[in-house]
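Asker: What would the 3D arrangement of this be:
(4 chains)
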Amino acid sequence: MSAAISPLEQMVVVLARDLADGELGAAGAAALVPMAAIALARELHAPNLTVGGEMFFNPEPGRLYPSMLDDRALGRCEAAETFIELFGHSHHGLEFFFHSGLQHDAYGNINLHHVGGTLHAPKVRGPGAANLSYCHTSTRFYICPTLHTTRNFVEKVDFVTIPGHLSGPEAKRVAGLTNEGPRFVVTPRAVLDFDPATLRMRLKSVHAGHTAAEVQRHTGFDLGITQNVPQTPLPTEEELTALRERIDKTGTLRA
Amino acid sequence: MSAAISPLEQMVVVLARDLADGELGAAGAAALVPMAAIALARELHAPNLTVGGEMFFNPEPGRLYPSMLDDRALGRCEAAETFIELFGHSHHGLEFFFHSGLQHDAYGNINLHHVGGTLHAPKVRGPGAANLSYCHTSTRFYICPTLHTTRNFVEKVDFVTIPGHLSGPEAKRVAGLTNEGPRFVVTPRAVLDFDPATLRMRLKSVHAGHTAAEVQRHTGFDLGITQNVPQTPLPTEEELTALRERIDKTGTLRA
Amino acid sequence: MEGQTTLTRRSKVTGLQDAARRARDALRERPDLCLGGLFKQGRPVALVRGLLAVGAKGLHIYSSPGAGYDVDLMIAAGAVEQVFIPGVTLENRLCPNFRSAVEAGQVTAHALDALTVVGGLMASAHGVPFQPIDALRGSDVLKHNPLIREIDCPFSGRRIHAVGPIRPRVTFLHAQEADRWGNLRHLSTMVYADQLMARASDMVIASVDRIVPDEVILDDPSRVTVPSHYVDAVVEVPYGAHPTASFPNYAMDEDHIDAYADLGDAARAGDRAGLDAYIARHVTGPKDQEDYIKTVGGAEYLAQLNAETRKG
Amino acid sequence: MEGQTTLTRRSKVTGLQDAARRARDALRERPDLCLGGLFKQGRPVALVRGLLAVGAKGLHIYSSPGAGYDVDLMIAAGAVEQVFIPGVTLENRLCPNFRSAVEAGQVTAHALDALTVVGGLMASAHGVPFQPIDALRGSDVLKHNPLIREIDCPFSGRRIHAVGPIRPRVTFLHAQEADRWGNLRHLSTMVYADQLMARASDMVIASVDRIVPDEVILDDPSRVTVPSHYVDAVVEVPYGAHPTASFPNYAMDEDHIDAYADLGDAARAGDRAGLDAYIARHVTGPKDQEDYIKTVGGAEYLAQLNAETRKG
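Answerer: Numbering: from 1, shown residues only, chains lettered A, B, ... in the order given. Below is the predicted model:
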């Protein structure tokens, strides 16, 4: 394990550790990091974790693919479903899901529709998003963008595509968001979670080679850093071996 | 074609002649006569008639089966569906369907639930029925019981399982039955249709070897026979050849 | 490390009696049992016999919209309180014990239609509070159907019907194959409502003709009809659908069902001895499926049913 | 006899241009066009090019909830007025022409979610006036989504959402195989919403990689994904999904899509020459699919995409 740990590998390991045996979960459109995390969890401590809810169950891809909506990644899987069953899953919910967007704000809300302007007269139009329900029908979700800048971490998103904690506990209650919502955020720089009282984002740990000041500098809102921030635990030898030798043999996470 | 024409063969031919090319239709549970009629129509004048709407399309059974809900009859067919698609078909309707029951009344209503007593304290309980919708979502249906007695042709059914013409045009309008409903009845004795003004059943033709008086004697309500009743046209050589040599090779309709 | 166990994926394969006990215990909480297949095909009859043998009572029975032998047998065994199945018949003849029990007021058989049952299962599978239905008119069934109600359609403005979710506490299915994780493959042409029921139910227990290696599933995922996520237990039971069919493996045993119906007709006419003997011999008597196969004629007799699937 | 013709079953096989004209004429009545597949898989792109070549305008585009290349191309060609697709992206990058046209106010891209689109197709396929949805909360999409409304749930008493039927005037699908009657077989693992769309639409036109003999269908009816009853016309088009994938026959041509997106980005930055040349070369220029295959690199180049499906 001489090669340096890549930012994506660090993200994968952070996510994998939080997935429990026996859970049901899936990843959305940008699936490289989430699917690697799920695979690592299944490999190490969660053999009964089921990948499901996105029209396929328990794929066994030969390598990692950036999109899981790819038959190459699904040629070997246990079952396929259609959008009718996805309709049901979206209502019944999963244990976990993953999201990321153009903008993420201090309360974990995610914007994929537009930056600037209005929906129908946008300054910059985004892609939109398909599944808006897993964010709250599922027990929890993770935010895992592969960029971390002041442009994609903003105080308030211009449009709430995927609701996170809205403006805090009271707003969630009014909107009927009764589940946990975003549990934490992992980026190439750090792990951020939410203050249980206010549900506002805060810095939980910084990855090796990064600093709290740097994270704050690349975040468009105040993280309220007042004390020493711990370092994100590094991948263990076991995690790295499983990841590199059995899941990501082609080194996609290090590319 | 020396063998005598059986009552079921006569019924099949009467039904087959009324099915048009390009139509979509199917048979319910008691499918022997209807499926033979459909096969005969396809063979002779309706090659684009589609059998569909009961979870399978265009079966090519090697022989006739009493139930179409039998994989032996469906092993070779063009496609299979499930009850979800049957839900859609039941709403969209077919061009034609077939029904029969424990009791049929003067307005073509059909009873499969109970004779005597009440639903939950019946004198005699019937089987009930699954598909109650094709009778009116479909353009038309046919009634084709293989018995014709005063017990199964009654003035008024004890329970309307499958609505026919209810008590006539006004009752149909009130109930929202906007399609044709039962077009005609064919039994081993005769063909009966409905007076367009009153929608009450009347004798249209008697099969060879039967008489109008005999049909009236075996019918539990007045058929209002006032003039000579024609004979049901016999099967043609072409019809009989197709039926016996290509559809009913095992002679089920003559058993 | 203390308490550490080697983590491996858990198999869902179990025995018939264990499966029956799990079902019985769950049904004591809520008696809604749903049966897969349709009429004489793909019915989970071995599981039904197993459940009767471990003593279920007061069941509410659901099914795809048509059922016969198994429901009649459960009624004959005194296990049923209510029937929520639109059509109950042996197809070529009526169900004797069903009719007798309803006529005697021992069993309530609700007047329903197929769309209500399928729509209720759809609502449950989809996770929505109801399914609209807009194809019910003129039938007396509408006056009695306990599961539907009239609603004002917010789109058309008309009065239409709606059915709430039907959520079986336990569903029994029979499929031809499964892997040890519980991924089911129906190889029959017709799968009826089995997939829908699996997604609509709290607990799903499946019997299969055989357990296949994992690779069989992975090599052809499109053939999997019910992903293991929906399945709680799977039991390998040779001839587990008997006397109904498990195409393309074996056909229905029409002679057996007819002989049963004759005993039911005799019971209906006042002589229950034959029916009681049937239940003792085929349901409560056999200690396992091997034993059952002997009581219904043995392997050689059943092999004829395999051959029957190759006719047609 | 006079006027008598030999009655035979009519084939639904036709040519790409005939299919495109039928679609165009139907879409003039009502401009709702729906596209099968998802993102870069199983998209009926040859049919889309054919439609653009015969001059469609003012289209309202539906799809399974995610689309990219084809919708972007239709927008680039000026054929689209409104987009009813929740997610529009090339996955690894954004859709340049979609974004530019929306930002310029030339195209209205509605804010929708997957359940609205799928629920609307379900309502249409099931023949009911609406589909309840009970999983939408907190998103700004709910403030703009034009297809849903809030209703009082008659079962739960809560406010939930409902969507009316989405009934495309024309749906284009791409499948791997069909017989001449129009029975479709998707051999890909994922079939997405193709089956649902076929049942929800007025007219369905399918491209397939190859037409197979009748016996292929009859010998394995469970493999048929869309019965011919739902299909109006079928066209055999080698590489008919290109540059999207038709698994297991050929993979997506990611280089082609990337090169297209580069031209779109240039157009977005003000230089449309490359994009116009692309449309002339690949869309309006080729006289048939054989010609198209030459313009995108020839048979040898495309054969690499076949090989790509066997990796993984």
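
Asker: C-alpha only now, for contacts and for neighbours.
Answerer: Fine.

Asker: Next, count neighbours for residue 156.
Answerer: Here I'm looking at chain A. Residues contacting A:Lys156 under the criterion other CA atoms under 10 Å in any protein chain shown number 20.

Asker: was after chain C, sorry
Answerer: 12.

Asker: and it, what does it touch?
Answerer: Shown in contact with C:Ser156 (CA atoms under 8 Å, 6 or more residues apart in numbering or on different chains): D:Pro129.

Asker: Now the closest residue to chain C within the stretch 51-200 of chain A. Nearest residue, chain neighbours left out?
Answerer: Using CA to the nearest CA, the closest approach of the stretch 51-200 of chain A to chain C is made by A:Gly88 at 3.7 Å. Closest residue in space to A:Gly88, ignoring its immediate chain neighbours: C:His126 at 3.7 Å, by CA to CA, 6 or more residues apart in numbering or on different chains.

Asker: which stretches of chain A form helices?
Answerer: Under the criterion DSSP state H, helices of chain A are mapped to A:7-17, A:32-44, A:71-74, A:83-92, A:134-137, A:169-175, A:212-217, A:237-242.

Asker: Just the mean pLDDT for the fifth one, thanks.
Answerer: What helix A:134-137 shows for mean pLDDT is 96.

Asker: Could you do the second one as well?
Answerer: Per-residue confidence for helix A:32-44 averages out to 96 on the pLDDT scale.

Asker: how about that helix, does it reach chain D?
Answerer: No. Applying CA under 8 Å from any CA of the partner chain, one finds helix A:32-44 out of contact with chain D, separated by at least 11.0 Å.

Asker: which helices and strands does that helix pack with?
Answerer: helix A:7-17, helix A:237-242 (3 or more CA pairs under 8 Å, 6 or more residues apart in numbering or on different chains; DSSP states H and E).

Asker: do that again at 10 Å, thanks
Answerer: helix A:7-17, strand A:50-51, strand A:96-99, helix A:237-242 (3 or more CA pairs under 10 Å, 6 or more residues apart in numbering or on different chains; DSSP states H and E).

Asker: Please identify the buried residues of the last one?
Answerer: If you call a residue buried by 16 or more other CA atoms under 10 Å in any protein chain shown, then helix A:237-242 has these buried ones: A:Glu239, A:Leu240, A:Ala242.

Asker: what sits against the residue of the stretch 51-200 of chain A closest to chain C?
Answerer: A:Gly53, C:Met122, C:Ala123, C:Ser124, C:Ala125, C:His126, C:Gly127, C:Val128, C:Arg199, C:Ala200, D:Leu115, D:Ala135 (CA atoms under 10 Å, 6 or more residues apart in numbering or on different chains).

Asker: If you rank those residues by neighbours, which is first?
Answerer: D:Leu115 (31 neighbours).

Asker: Could you measure from that residue over to B:Asp195?
Answerer: 49 Å (CA to CA, to the nearest Å).

Asker: C:Ser246 contacts C:Leu173, correct?
Answerer: No. If you go by CA atoms under 10 Å, C:Ser246 and C:Leu173 don't touch, sitting 11.4 Å apart.

Asker: List the residues that are in contact with both of these two.
Answerer: Shared contacts of C:Ser246 and C:Leu173 (CA under 10 Å, 6+ apart): C:Gly37, C:Gly42, C:Arg43, C:Pro44, C:Val208.

Asker: ok, for the third one, nearest residue in space, not its chain neighbours?
Answerer: Spatially, and ignoring its direct neighbours in sequence, C:Arg43 is nearest to C:Gly37 (4.6 Å; CA to CA, 6+ apart).

Asker: That neighbour touches C:Ala198, doesn't it?
Answerer: No. Counting by CA under 10 Å, C:Gly37 stays clear of C:Ala198, with 11.8 Å between them.

Asker: ok, the two, which is more surrounded?
Answerer: C:Ala198 (30 against 27).

Asker: what about the host helix or strand of that one, near chain A?
Answerer: Using DSSP states H and E, C:Ala198 sits in helix C:194-200. Yes. Using CA under 10 Å from any CA of the partner chain, we find that helix C:194-200 touches chain A at C:Leu196, C:Arg199, C:Ala200.
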